[in-house]
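Colleague: 3D, please:
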Amino acid sequence: MGQSSCKCPEPERSLLPKDVMCAAALGQTEKVIAWLGNGKRVNVATELGDTLLSTAAGYGSSSLLNALLKFPFIHLNTYHKIDGGGSYTPLWLASANGHLECVQLLAKSNLQCRIDLIGSKMEDLSAIMIAAERGHWGIVDEFLKIRETLSPEEANYIFPRAVKEMQWMAGVRTLANCSHFDLDTLRQFFHQALAEDEWDVLCAILKVNFRHKNESINKALSKAVRGRKWDKVTLLMKLLPIPASFDKSLVEAALNELDAEVTKQLKDNYFDLATHNGNLLVIAAGGTNDVIASLVCNLTAYSQYAVESALYLSAMNGRLEFLQQMFTGRPKHKFTYHTLSRAQKAASQGVTLTPTESSRKFWIKKQNSMPLITLNRNKLRIFTCCNISIYISSHKVIGQESDAENYHPR
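Modeller: Prediction:
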C-alpha cells in the first residue's frame, strides 16, 4: 500500500503568509478558505516548509483538514521538516500528536494523490510506530484496521510496547505480523491476558507457534476449568494437537465427586477418542475423589498426549488423587524423564498443594520448603516429580528409585 502511494513534489516556499499559517494552526477554517478563494494555491508553503495540510494535521484542526481534502489536487505526502531532524508527512504529524480524527480523514481520503500510510523516510519511525511510542493506541488500532500488513520492523517495535501497556488487540494484531518475537515478552503477554480473563486474546496468542506452547494451553485450560467456563474450555481444546472434546454432564459429575453418576455414565454411554481425551484433561485439572480418579485413569482409550497433559494438569493444580492413579493405576502409564521434568516444572509454578478428604491416604509434611506426599508405612520407592517427592508403593515408573528411609530431599 505504501509503495503505490504518490511521491509528491517539494512545495514552493515563502508563498504561504505567516498569518494564514497561524490561522490554520488555530483551526480558523473560514479565514484559510477565504485566502484560498482569492486564487491562492493550496500546496504552497511557508519559508520553513509548512503547508496548510501539514499545519492542520499537526495541530489537530480536523474541520480545516476536512475542508482542505475537498481540493482535488492537494498533495497528501509532502514532507515537513521538524525540529531535531527528520522529515514527515501530514499523516505522520497527526499520528505523532495524537489527533485520531485527522488520521482517519487522511487515511481514508479518496483523491488522485494516494496517501502514504508509512509517513516517514525509511530510516525513521513510521506513523504507526510513532503513535505506539507516544501511547496513542487509538491511532495504532486505526492503522491496524486499514493497513493490510506491517513491516517486520514495525511489528517488532510495536509488540513489546503493546504488551507493556496491556493493549490487547494491538498486541494480537502485531503479533500476527512479527517475523521474530521475544519469547519472554510473549509469555508476559500471555500471563497478563490470563490474569485479566481476556479469553479472546489468549486464544489468539495460543494460535501462534512458540516453544512450550502446550504448557501455556494447560495453564489457560486449568483456569477455565476452575472457573467452570465451559465455552472457554471448548475453545482451548480446539487448539490442542489431538482431537479433544468433553461431555459436560460427565465432567461436572466427576468434579462434584458423584461416584454413582460417573459410574453410570461411563457404563451407559459411548465416548469416542476425542471425548475420552477431553474428559481426562478436564477432570485432571479440576480434581475429583479417589474412586472417580481410579475409574477415569484406568480407561485405556486415551492418546499419549492426553495422558502426558493429564499428568501436567494434575501436577499443576495439586490434584493428589489423580497423581496417585497416574502412577499406580491399571494400565500403568509410562513417562519419559523429559515429560516428568516438565511436570515437575509445572507443579513448581502451579497452585499450592493442600490435603483433601479425597486424598486421605496421603499426608503432607513440609521439609526444606518442599511438600512431601507419603503413603502409609510400607517400604516405598520414591519418584521425584512435579517438585513434589511422591512416595509410591512398589510400582515402577521411568524414574529414579530408592528406599524411602534413605531418601533425603535436597
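Colleague: how far does stretch 237-244 stretch from start to finish?
Modeller: 6 Å (Cα to Cα, to the nearest Å).
Colleague: Repeat that for stretch 42-57.
Modeller: 14 Å.
Colleague: repeat for stretch 295-313
Modeller: End-to-end distance (Cα to Cα), stretch 295-313: 18 Å.
Colleague: got the buried residues for it?
Modeller: Using 16 or more other Cβ atoms under 10 Å as the test for burial, stretch 295-313 gives 295-297, 302-303, 306-313. Quick note: C-beta positions are derived from backbone N, CA and C, even for glycine.
Colleague: repeat for stretch 61-75
Modeller: Buried residues in stretch 61-75, counted by 16+ other Cβ under 10 Å: S61, S62, L64, L65, A67, L68, L69, F71, I74, H75.
Colleague: Leaving out the residues flanking it, which one is nearest to the first one?
Modeller: Taking Cβ to Cβ, 6 or more residues apart in numbering as the measure, S61 lies nearest to G27, with 3.7 Å between them; neighbours along the chain are not counted.
Colleague: quick one: secondary structure of the one you found?
Modeller: Three-state assignment for G27 (DSSP: H, G, I helix; E, B strand; the rest coil): coil.
Colleague: Kindly provide the distance from it to A56.
Modeller: Distance of G27 to A56, given as Cβ to Cβ, to the nearest Å: 8 Å.
Colleague: Likewise for D290?
Modeller: D290 is 74 Å from A56, by Cβ to Cβ.
Colleague: again, but for D231
Modeller: To A56, D231 is 48 Å away according to Cβ to Cβ.
Colleague: picking up where we left off before, would you turn the buried residues of stretch 295-313 into a markdown table with secondary structure?
Modeller: Listed next are the buried residues of stretch 295-313 as a markdown table, based on three-state DSSP:
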| residue | secondary structure |
| --- | --- |
| L295 | helix |
| V296 | helix |
| C297 | helix |
| Y302 | coil |
| S303 | coil |
| A306 | helix |
| V307 | helix |
| E308 | helix |
| S309 | helix |
| A310 | helix |
| L311 | helix |
| Y312 | helix |
| L313 | helix |
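Colleague: When you compare pLDDT across the residues you listed, which one is lowest?
Modeller: Ranked by pLDDT, those bottom out at C297, which has 85.
Colleague: Distance of that one relative to L221?
Modeller: Distance, C297 to L221, by Cβ to Cβ: 18 Å.
Colleague: just P160 next, same as before
Modeller: Distance of P160 to L221, computed by Cβ to Cβ: 27 Å.
Colleague: Which of these two has more residues huddled nearby?
Modeller: Neighbours were counted for P160 and for L221 using other Cβ atoms under 10 Å; L221 has more, 29 against 19.
Colleague: And the more buried one, how close does it get to E215?
Modeller: Distance from L221 to E215, by Cβ to Cβ: 10 Å.
Colleague: got a list of what the nearest residue to I139 once chain neighbours are set aside touches?
Modeller: Leaving out its chain neighbours, the residue that sits closest to I139 by Cβ to Cβ, 6+ apart is A131, at 4.1 Å. Listed by Cβ atoms under 8 Å, 6 or more residues apart in numbering, the contact set of A131 reads S95, A96, G98, W137, I139, V140, F143.
Colleague: just T174 next, same as before
Modeller: L144, L150, E154, A155, I158, F159, A162.
Colleague: ok, back up a step: farthest-apart pair in the buried residues of stretch 61-75, please.
Modeller: Comparing all pairs in those by Cβ to Cβ, the longest separation belongs to S62 and H75, at 18.9 Å.
Colleague: So for D231 and A56, which sits in the more crowded spot?
Modeller: Per other Cβ under 10 Å, whichever of D231 and A56 has more neighbours is A56, with 30 against 9.
Colleague: Sketch out the low-pLDDT regions of the stretch 51-200 of the chain for me.
Modeller: The stretch 51-200 of the chain contains residues with pLDDT under 70 at 82-85, 122-123, 179.
Colleague: all helices for it, in order.
Modeller: 52-59, 62-68, 90-96, 100-107, 127-133, 137-146, 152-164, 168-175, 183-195, 199-206 (DSSP state H, counting those that start in this stretch).
Colleague: next one: the stretch 251-400 of the chain
Modeller: 259-268, 273-286, 290-297, 304-316, 320-328, 337-348.
Colleague: Let me know the angle separating the last one from helix 304-316.
Modeller: For helix 337-348 against helix 304-316, the angle between stretch directions is 30 degrees (axes from the mean of the first three to the mean of the last three Cα atoms, to 10 degrees).
Colleague: quick one: average confidence on helix 337-348?
Modeller: The average of the pLDDT scores along helix 337-348 is 75.
Colleague: could you say what helices and strands that helix packs with?
Modeller: When contacts are defined as 3 or more Cβ pairs under 8 Å, 6 or more residues apart in numbering; DSSP states H and E, helix 337-348 packs onto helix 213-226, helix 304-316, strand 381-385.
Colleague: Show the average pLDDT along the first one.
Modeller: In this model, helix 213-226 has a mean pLDDT of 92.
Colleague: How far does that helix sit from its chain's centre?
Modeller: 13 Å (Cα atoms, centre = their mean, to the nearest Å).
Colleague: Going by neighbour count, which residues of that helix are buried?
Modeller: 213-225.
Colleague: Just send the residues you listed back as JSON lines, with distance to E196 too.
Modeller: What follows is these, written out as JSON lines (distance: Cβ to Cβ, whole Å):
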{"residue": "K213", "distance to E196": "20"}
{"residue": "N214", "distance to E196": "22"}
{"residue": "E215", "distance to E196": "20"}
{"residue": "S216", "distance to E196": "15"}
{"residue": "I217", "distance to E196": "18"}
{"residue": "N218", "distance to E196": "19"}
{"residue": "K219", "distance to E196": "14"}
{"residue": "A220", "distance to E196": "12"}
{"residue": "L221", "distance to E196": "17"}
{"residue": "S222", "distance to E196": "16"}
{"residue": "K223", "distance to E196": "11"}
{"residue": "A224", "distance to E196": "14"}
{"residue": "V225", "distance to E196": "18"}
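Colleague: Kindly indicate which of those residues lies nearest D200.
Modeller: Using Cβ to Cβ, A220 is the member of these that lies nearest D200, at 11.9 Å.
Colleague: For that closest one, give its distance to R226.
Modeller: From A220 to R226 the distance is 11 Å (Cβ to Cβ).
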